[in-house]
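[1] sharing a model prediction with you, sequence too.
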Amino acid sequence: MILLNFSHPLTPEQKAQIEALTKNPLEQVIPLPIHFEQEKPFLPQLREILKTVTFTPEEWQTAPIIVNLPSYNYIAALTLAELHGRMGYFPPILRLKPVEGAIPPRFEVAEVINLQAVRDEARLFRF
């Protein structure tokens with residue numbers, strides 16, 4: 001499995017949690033840190049970051065990809081739209097949550113959300 005990480009670096013514990021939840025080994029983590037300039041359009045900035053991912057069109061459509069989204073909602077929405085266009089489906093995403101009472105603050109993987117399954121199920125409610 002390949003993790004596209006648009007957020008903070010993941011700890012070994014978080015990587016182990018991802019593997020346990022998905023029942024798949026993390027073969028590659030691709031760091032894609034997001035630092036956008038607010039005064040410039042976001043889409044060109046996102047596409048510039050994605051140029052570092054050297055997947056072929058076939059790899060975008062067939063590789064086992066999971067995504068740790070950026071936390072800024074506009075960039076996260078844009079990222080999902082761009083990835084859907086490249087992949088042909090919504091990728092699964094991570095949800096992290098704070099570890100209660102942890103000092104210093106720590107985060108753990110709460111769940112892996114299968115966005116494509118959510119989308120497919122939501123279509124049942126259109127009628």
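    In hand now; what should we look at?

[2] in contact with residue 59, which residues?
    Going by C-beta atoms under 8 Å, 6 or more residues apart in numbering, residue 59 touches no other residue. All C-beta atoms are positioned from the backbone trio N, CA, C, and that covers glycine.

[3] convert the C-alpha atoms of the host helix or strand of it to CSV, please.
    Element membership for residue 59, per DSSP states H and E: helix 57-62. Extracted C-alpha coordinates of helix 57-62, given in CSV (Å, rounded to 0.1, in the frame of the first residue of the first chain):
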residue,chain,number,x,y,z
PRO,A,57,-1.6,7.2,-15.4
GLU,A,58,-1.9,3.4,-15.0
GLU,A,59,-0.3,3.5,-11.6
TRP,A,60,-2.7,6.3,-10.5
GLN,A,61,-5.6,4.0,-11.4
THR,A,62,-4.3,0.7,-10.1
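
[4] centre of the chain to that helix, how far?
    Relative to the centre of its chain, helix 57-62 is centred 16 Å away, using C-alpha atoms, centre = their mean, to the nearest Å.

[5] and it, average pLDDT?
    Averaging pLDDT along helix 57-62 yields 97.

[6] which stretches in this protein count as strands?
    Along the chain, counting by DSSP state E, strands occupy 2-5, 28-31, 65-68, 92-98, 107-114.
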